[in-house]
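# Below: sequence and its predicted model.
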Protein chains: 2
Amino acid sequence: MSPPPAKRPRSKNPHGATEPCLAVRDVLTRVGDKWSVLVVGSLGDGPLRFSDLKRGIEGISQRMLTLTLRGLERDGLVTRTQYPTVPPRVEYALTPLGHTLLDPVQELAKWALQSRAAIQTARGRYDKKPKPPPPTGPTRR
Amino acid sequence: MSPPPAKRPRSKNPHGATEPCLAVRDVLTRVGDKWSVLVVGSLGDGPLRFSDLKRGIEGISQRMLTLTLRGLERDGLVTRTQYPTVPPRVEYALTPLGHTLLDPVQELAKWALQSRAAIQTARGRYDKKPKPPPPTGPTRR
DNA sequence: CTGTATCCTGCTAGATACTG
DNA sequence: CAGTATCTAGCAGGATACAG
């Protein structure tokens, strides 16, 4: 039998183990998608109907709103309440868990607003620099 | 000439204007991608070399690490310092702006760790329910 | 060691049309 | 009003090979 190829003992990460990383990535894929945060933010003020959400979030398509809401519902962050009236009326609201997300997200939003200018300045500067010069002379990035 | 089709006066959003949304989305696309947060987190303890980052972040490919670092550099969140030694040695570090991002991100990470269990429970519950029943009888979701 | 250049795949998300 | 069903384009991201 050939000896087992020694599975990489895995040096522990300096900033935490592998476990937390997975959790963070997991959350980030939910929260980091194009619309989830905006939906959660919209619901922060209280329950809203489907069409109100759609109107409130400029640019979202019906499809994406549905998908986003399903995802959030699945994760236990929002509830869906359907009133059997005609025409149908469905309300979405944050769960307690969903509310706890509101805080970190607003932190991030605050950062975004504060840093927006700085970031755009940095981008402008960076985008002007790239000097891939002619083969003559030492290329210096 | 045909009259301009009246550009939709746009009702103002209840949770803020359209402006902030753009900023938030902008940040989210940077922060919400698969690796940026982990890179920033890794650099939180201090500067690191390329290969150290690669080793520290389990599962990232060379390509994505490079791309992520370029993006962060462009946005003024990290600096790249190249020592003209042989072999080449490049160190990445957070800028002051980058450090300010560390805080909100860690908030979110904390939330992720705390809520992980609850979310997975919710998912399990949700994934069991879907009852697309036989065509006989009133389908009730 | 630190990248860049290709190739290739799957998913994300938009547009549109149709149903209860 | 509230959703589902399709179709499709674009791009994020992985593997690999090569270069300074």
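Ah, there it is.

# Just grab the bridge partners of A:L94 for me.
When bridges are assigned using DSSP bridges, the partners listed for A:L94 are A:V78.

# quick one, what contacts it?
Contacts for A:L94 (CB atoms under 8 Å, 6 or more residues apart in numbering or on different chains) come out as A:40, A:43-44, A:77-79, A:102. C-beta coordinates here come from the backbone N, C-alpha and C atoms, glycine included.

# Can you say which of these are buried?
For the contacts of A:L94, a neighbour count by 16 or more other CB atoms under 10 Å in any protein chain shown gives the buried set as A:40, A:43-44, A:77-78, A:102.

# Do the helix or strand hosting A:T81 and DNA strand C come into contact?
Secondary structure assignment for A:T81, by DSSP states H and E: strand A:78-83. No - under the criterion of CB under 7 Å from any atom of the strand, DNA strand C is not reached by strand A:78-83; the shortest gap measures 10.7 Å.

# For the host helix or strand of A:R30, name the packing helices and strands.
Applying DSSP H and E as the criterion places A:R30 in helix A:18-31. Helix A:18-31 sits against helix B:36-43, helix B:96-128, with contacts defined as 3 or more CB pairs under 8 Å, 6 or more residues apart in numbering or on different chains; DSSP states H and E.

# Alpha carbons of it, as PDB, please.
Backbone C-alpha positions of helix A:18-31 (Å, rounded to 0.1, in the frame of the first residue of the first chain) are rendered in PDB as follows:
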ATOM      1  CA  THR A  18     -11.700  27.700   9.500                       C
ATOM      2  CA  GLU A  19     -15.000  27.200  11.100                       C
ATOM      3  CA  PRO A  20     -15.900  30.900  11.600                       C
ATOM      4  CA  CYS A  21     -14.800  31.600   8.100                       C
ATOM      5  CA  LEU A  22     -17.400  29.400   6.700                       C
ATOM      6  CA  ALA A  23     -20.100  31.000   8.900                       C
ATOM      7  CA  VAL A  24     -19.000  34.400   7.800                       C
ATOM      8  CA  ARG A  25     -18.900  33.500   4.100                       C
ATOM      9  CA  ASP A  26     -22.300  31.900   4.500                       C
ATOM     10  CA  VAL A  27     -23.800  35.100   5.900                       C
ATOM     11  CA  LEU A  28     -22.000  37.200   3.400                       C
ATOM     12  CA  THR A  29     -23.500  35.300   0.500                       C
ATOM     13  CA  ARG A  30     -26.900  36.000   1.900                       C
ATOM     14  CA  VAL A  31     -26.300  39.600   3.000                       C
END
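
# mind listing what's buried in that helix?
Applying a neighbour-count criterion of 16+ other CB under 10 Å, one finds A:20-21, A:23-28, A:30-31 buried in helix A:18-31.

# Wait, A:L48 touches A:S42, no?
Yes - using CB atoms under 8 Å, A:L48 makes contact with A:S42 at a distance of 6.3 Å.

# for the residue nearest the centre of chain A, what are its contacts?
For chain A, the residue nearest the mean C-alpha position is A:G32 (1.4 Å; CA atoms, centre = their mean). A:G32 makes contact with B:28, B:31-33 under the criterion CB under 8 Å, 6+ apart.

# ditto for A:L97
When the contact criterion is CB under 8 Å, 6+ apart, the partners of A:L97 are A:76-77, B:115, B:118-119, B:122.

# ok, and the most crowded of those residues?
Going through those with other CB atoms under 10 Å in any protein chain shown as the criterion, the one with the most neighbours is A:L77, at 28 neighbours.

# what bits of chain A have low per-residue confidence?
Using pLDDT under 70 as the threshold, the predicted model of chain A has low-confidence ranges A:1-18, A:130-141.

# Show me which residues of it are close to DNA strand D?
Taking CB under 7 Å from any atom of the strand as the criterion, the contact residues of chain A with DNA strand D come out as A:49-52, A:62-63, A:66, A:69-70, A:80, A:82, A:87-90.

# Report the buried members of the residues you listed.
So, of the residues of chain A next to DNA strand D, A:50, A:69 end up buried under the neighbour-count rule (16+ other CB under 10 Å).
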